[in-house]
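*Asks:* sequence first, then the predicted structure:
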There are 2 protein chains.
Amino acid sequence: MKKIIILLSLSFLIFSCNQKTDKKENPKLLSKAEKTDSTHIKTIFNSALTEGKSYEWLRDLTTNIGGRLSGSPEAQKAVEWGEKLMKEVGLDSVWLQPVMVPHWVRGEKEVATYTTNGIQKNVPICALGFSVATPNSGVLAEVIEVKSLEEAKALGSKMEGKIVFFNRPFDDTLINTFKAYGGCVDQRVRGAAICGEFGAKGVIVRSMTNSIDDYPHTGTMSYGDLPTEKHIPTAAISSKAANILSDDLQKNPNLKFYFKQSCKTLPDAPSFNVVGEIKGAETPENIFVVGGHLDSWDLGEGAHDDGTGIVQSLEVAYLFKKNNIKPKNTIRIVFFMNEENGTRGAKKYAELATLHKENHIGGLESDAGGHTPRGFSIDANSVNTKLLQSWKKLLSPYGLHDLDKGGSGADISPLKGENVTLVGYRPDSQRYFDYHHTSRDTFDKVNKRELVLGSASMASIVYLMDKYLYSNSPLKP
Amino acid sequence: MKKIIILLSLSFLIFSCNQKTDKKENPKLLSKAEKTDSTHIKTIFNSALTEGKSYEWLRDLTTNIGGRLSGSPEAQKAVEWGEKLMKEVGLDSVWLQPVMVPHWVRGEKEVATYTTNGIQKNVPICALGFSVATPNSGVLAEVIEVKSLEEAKALGSKMEGKIVFFNRPFDDTLINTFKAYGGCVDQRVRGAAICGEFGAKGVIVRSMTNSIDDYPHTGTMSYGDLPTEKHIPTAAISSKAANILSDDLQKNPNLKFYFKQSCKTLPDAPSFNVVGEIKGAETPENIFVVGGHLDSWDLGEGAHDDGTGIVQSLEVAYLFKKNNIKPKNTIRIVFFMNEENGTRGAKKYAELATLHKENHIGGLESDAGGHTPRGFSIDANSVNTKLLQSWKKLLSPYGLHDLDKGGSGADISPLKGENVTLVGYRPDSQRYFDYHHTSRDTFDKVNKRELVLGSASMASIVYLMDKYLYSNSPLKP
């Protein structure tokens, strides 16, 4: 027993002594200004981790309102929720920007099935946004599997009367899963436009995910310039079902696939961007936008896409106010409407900014999920890119190592300009496409610490950009 | 409609163009040797991400065997599972190292309750490892809440006949949650030894977690040198229950807390470390150990603690073999037994290494969960520490930025020596203490990509250490 005690104590001591200390930048390597910044950033993180509100805001948005597709009653509730919350946080002014949005509705739950070797298989399926419905009796046809738009085009009239099945999977060797998504999503967006042209009866697409599971992933599609009479129904099937169907087609190339969906596009509906701001203390005419999108797909609760971006954006303002950080420039929080199927809110925001001759000096968007922070991608001129990258030693103690050039996000991109510094928040991407656009994108998939660390990361870079960006920019008066 | 189409296409294009490319080290900045290493590391990652086995191994271990506390039938099954699997992977030799382990059993499910303001509250509770049972009738006593061992000691005889309640929470401002754990776990390990000395009737401890929830966290404790007759029962209550109890004690300091547990320590039981190796091609007498621990607590399935470390360790060997990487030195995979309550396996392994005059040049341990990779902590002399840190440009494209000095792990620490380079794998820590030592530590909490990225990270650093470490070490012949 004595031995156990000694061993236990030893084990405990080893454990205690071996804990990696929280990493801090070496104070000796920091200038006086950097030390001040380091202290402010630490305050922001401490505040987020101990008194952050975003997790409870997200619980409210996702579980009490839920999925909020543009034009839906839930999207309208989310607008009202956002306006009320911005006022509660005490922004200097809060307003709504009216915008007409597409109004697509899913209708009844979709059905898909086929029989092979006498066994009937039910396929998890969901219509893609903007797809037309099948006839009431559904579509029943043989299936041609392809791996690319080019392969489909090459089929030409051979696809007439068939269902074309796009089955190019994610490239799992890409560390950044967004890159794998970017390498596959053309199938979902453009498959039906190409196959409608050649008289296919329908298009089914492998879900956009690294995961092999039973959850179909919806998402937007476009018929492009195709005349209405050539629009064909299109839907996504789960990745597991795609693998099974592909195997079954090898054994039985003439099997007939059946699917039925009743979705439709209604006339455009009125909606809003929700906007609030903290007025700049020195140059209020210069505006820095922080935002995410308020709409979401209808299958889940819109938690990681993009409830997290919404609550993190507002928490940037909350953290500024809570810690009495008075920005030099105006910090404007925007809950953009309709990112998922139209980006009408983004376009309206940019249009009004031009109309009102607003001077946007930069923007930050959070629309890559609420997972653990990794960094930011920077869309800026080379001077400002280098400036942002010079903050690495201030940001890396918080796991923010990635400060590469790259895109910012669909909602702030229309503000792009030579002297506008746009930044995208980049959390870890590994789990994002497990949930993206599915019924699994729910509140329980979000970790509170990961979420608020994101808010603090965003507030920290906004603090630095507000302090240094304008003064170092060619825009300087 | 035309506008929608254009916007959709635009949005899609922006998205496609804005995707951050997978980061690669700039080839111009790499030496010829580094380019070779970079290629090998990429091969390792590609292989893990497309043909890795660890996820299915983990499913088998956690769902078919489950929790496997030292001395239990499940621990024995895990030994047989591990031996069989190592042979299947085709290691050059596989053997078992007999070791006697402590054998503590939980007994019946614990019960805790108290009544305040006429309302009876049931408290989620679990006995701590090595705790004695309560009497059959349980323990009923008033509660004194303290925040530290020092505060408890200062109570002295005031605690006689009382239950002492240790309630110092995690410091949520620490970015690395292991540091928060290290700052609190003394309450769990040593609380009962201190309070038993002064005649307390029992000790309850706030669970070791950042999360506020209903899941109690077990873990080891020690009575130290306290005579057996002073051993008092001790248990952990959930963090949410701890907050509620603390509030209730403010209002009603005389409330009586009741708990009952029937755990006991049986005589030591026979068990095994499971060991297998790939013989070194050039200097097989030099051994590099890679491992995790096979035992786990009994409440969950031992998924993140430490099933992930077990399967990742074996996957290092699998990736070497699959990609025909022939190590210069011997790579030995060890599934250590009894890390959780005794580290007997670690001690036995080190004892046998000394007995057999084995030359251990280094070790790598994975026992910090299976989350997304962040880096490694290095316990080595300054020359080798710098060498490992010089590999940052090879490792950072995979999210491995943290290469700080720090502890390695409880199972390989006994091998420590001036010329032995010990490394701990360090995944992201944010979610770890949501699951650690609870019924929630189950297979479904592990993400496949995060797991295999860990295996590849580990295999990559083993590849580099095997290639460079010995040749740069004072041990060089």
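*Replies:* The structure has been received and is ready for your questions.
*Asks:* tell me the residues of the stretch 251-400 of chain A that contact chain B?
*Replies:* When proximity is defined by C-beta under 8 Å from any C-beta of the partner chain, the stretch 251-400 of chain A lies next to chain B at A:339, A:341-344, A:347, A:371-372, A:374, A:377, A:379, A:396-399. C-betas here are computed from N, CA, C, even on glycine.
*Asks:* and whatever residue of the stretch 301-450 of chain A ends up closest to chain B, how many residues sit next to it?
*Replies:* Chain B sits closest to A:Gly407 of the stretch 301-450 of chain A, with a gap of 1.9 Å, by C-beta to the nearest C-beta. Neighbourhood size, A:Gly407 [other C-beta atoms under 10 Å in any protein chain shown]: 23.
*Asks:* please flag which of the residues of the stretch 251-400 of chain A next to chain B sit within helices.
*Replies:* Counting by DSSP state H, those place A:344, A:347 in helices.
*Asks:* A:Ser377 is in contact with the residue of the stretch 301-450 of chain A closest to chain B, correct?
*Replies:* Yes. Counting by C-beta atoms under 8 Å, A:Ser377 is a contact partner of A:Gly407 at 6.2 Å.
*Asks:* where do the helices of chain A begin and end?
*Replies:* Using DSSP H, the helices of chain A run over A:2-18, A:32-51, A:54-59, A:73-89, A:149-155, A:177-182, A:185-197, A:239-251, A:308-322, A:344-355, A:382-389, A:392-395, A:432-435, A:448-464.
*Asks:* what does the second one contact?
*Replies:* Outside helix A:32-51, the residues that touch it by C-beta atoms under 8 Å, 6 or more residues apart in numbering or on different chains are A:25, A:27, A:30, A:315, A:319, A:322-323, A:325, A:393-395, A:398, A:449, A:452-453, A:455-456, A:459-460, A:463-464, A:467, B:172-173, B:175.
*Asks:* what's the PyMOL line that selects buried ones from those?
*Replies:* In PyMOL, this line selects whichever of these come out buried by 16 or more other C-beta atoms under 10 Å in any protein chain shown:
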select buried, (chain A and resi 25+315+319+322+323+325+394+395+398+449+452+453+455+456+459+460+463+464+467) or (chain B and resi 172+175)
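*Asks:* any weak-confidence spans in the stretch 351-477 of chain A?
*Replies:* A:470-477 (pLDDT under 70).
*Asks:* oh sorry, the question was meant for the stretch 51-200 of chain A
*Replies:* Along the stretch 51-200 of chain A, the model assigns pLDDT under 70 to no residue.
*Asks:* neighbours of the residue in it positioned nearest to chain B, how many?
*Replies:* At 3.9 Å from chain B, A:Gly182 is the closest residue in the stretch 51-200 of chain A, using C-beta to the nearest C-beta. Counted with other C-beta under 10 Å, residues neighbouring A:Gly182 total 21.
*Asks:* same check on the one 5 residues further on?
*Replies:* In terms of burial, A:Gln187 registers 26 neighbours under the definition other C-beta under 10 Å.
*Asks:* check contacts around the closest residue to it other than its chain neighbours.
*Replies:* Closest residue to A:Gln187 apart from its sequence neighbours, by C-beta to C-beta, 6 or more residues apart in numbering or on different chains: A:Phe166 at 3.8 Å. Neighbour list for A:Phe166: A:146-148, A:152, A:187-188, A:191, A:203-206 [criterion: C-beta under 8 Å, 6+ apart].
*Asks:* burial of A:Met221, as a residue count?
*Replies:* A:Met221 is flanked by 27 other residues according to other C-beta under 10 Å.
*Asks:* how about A:Gly302?
*Replies:* Per other C-beta under 10 Å, the neighbour tally for A:Gly302 reads 32.
*Asks:* swap in A:Lys32?
*Replies:* A total of 7 residues lie near A:Lys32 under the criterion other C-beta under 10 Å.
*Asks:* equivalent analysis for the one 3 residues further on, please.
*Replies:* A count of nearby residues for A:Lys35, using other C-beta under 10 Å, gives 13.
*Asks:* one more: the one 3 residues further on?
*Replies:* Burial of A:Ser38, expressed as a neighbour count using other C-beta under 10 Å, amounts to 17.
*Asks:* again with A:Asn254
*Replies:* A:Asn254, neighbours per other C-beta under 10 Å, totals 8.
*Asks:* identify the residues contacting it.
*Replies:* Going by C-beta under 8 Å, 6+ apart, A:Asn254 touches A:Glu142.
*Asks:* please pick the buried ones from the contacts of A:Phe166.
*Replies:* Buried, going by 16+ other C-beta under 10 Å: A:146, A:152, A:187-188, A:191, A:203-206, out of the contacts of A:Phe166.
*Asks:* now distance to A:Gly161 too, for the residues you listed, in TSV please.
*Replies:* Shown next, in TSV, are the buried ones among the contacts of A:Phe166 (distance: C-beta to C-beta, whole Å):
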residue	distance to A:Gly161
A:Val146	16
A:Ala152	15
A:Gln187	21
A:Arg188	22
A:Gly191	17
A:Val203	13
A:Ile204	15
A:Val205	19
A:Arg206	22
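*Asks:* surely A:Gly219 meets A:Thr209?
*Replies:* No. A:Gly219 is not in contact with A:Thr209 according to C-beta under 8 Å; the separation is 10.8 Å.
*Asks:* more neighbours, these two?
*Replies:* The residue with more neighbours, out of A:Gly219 and A:Thr209, is A:Thr209; 26 against 21, by other C-beta under 10 Å.
*Asks:* who's in contact with the more buried one?
*Replies:* When contacts are counted by C-beta under 8 Å, 6+ apart, A:Thr209 touches A:170, A:215, A:217, A:239, A:433-434, A:436.
*Asks:* let me know the closest of the residues you listed to B:Thr442.
*Replies:* A:Asp434 (16.5 Å; C-beta to C-beta).
*Asks:* so that closest one touches A:Arg440, yeah?
*Replies:* Yes. If you go by C-beta under 8 Å, A:Asp434 and A:Arg440 touch, sitting 6.8 Å apart.
*Asks:* ok, those two, which is more surrounded?
*Replies:* A:Asp434 (22 against 19).
*Asks:* if you skip the residues just before and after it, what's nearest to the more buried one?
*Replies:* In space, A:Asp434 is closest to A:Ser211, 4.8 Å off (C-beta to C-beta, 6+ apart).
*Asks:* then A:Asp402?
*Replies:* That would be A:Gly375: by C-beta to C-beta, 6+ apart, it lies 2.9 Å from A:Asp402.
*Asks:* again with A:Lys467
*Replies:* A:Lys328 (6.9 Å).
*Asks:* and the one you found, what does it touch?
*Replies:* By C-beta under 8 Å, 6+ apart, A:Lys328 lies in contact with A:280-283, A:286, A:466-467, A:470.
*Asks:* any idea what the residue nearest to A:Asp402 is bridged to?
*Replies:* Legend: beta-bridge partners of A:Gly375 under DSSP bridges are A:Asp402, A:Arg426.
*Asks:* help me confirm that it comes into contact with A:His401.
*Replies:* Yes. In this structure, A:Gly375 is within contact of A:His401 by C-beta under 8 Å, at 5.7 Å.
*Asks:* more crowded one of these two?
*Replies:* Ranked by neighbour count (other C-beta under 10 Å), A:Gly375 and A:His401 place A:Gly375 first, with 26 against 19.
*Asks:* ok, the residue sitting nearest the centre point of chain A to A:Gly156 distance?
*Replies:* Centroid-nearest residue in chain A: A:Asp367, 3.4 Å away (criterion: C-alpha atoms, centre = their mean). According to C-beta to C-beta, to the nearest Å, A:Asp367 stands 38 Å off from A:Gly156.
*Asks:* the top strand by length along chain A pairs with which strands?
*Replies:* Longest strand of chain A, by residue count under DSSP state E: strand A:264-278. The strands beside strand A:264-278 in its sheet (DSSP bridges) come out as strand A:93-105 (antiparallel), strand A:329-336 (antiparallel).
*Asks:* nearest to A:Leu249, out of these?
*Replies:* Closest to A:Leu249 of these, according to C-beta to C-beta: strand A:93-105, at 30.1 Å.
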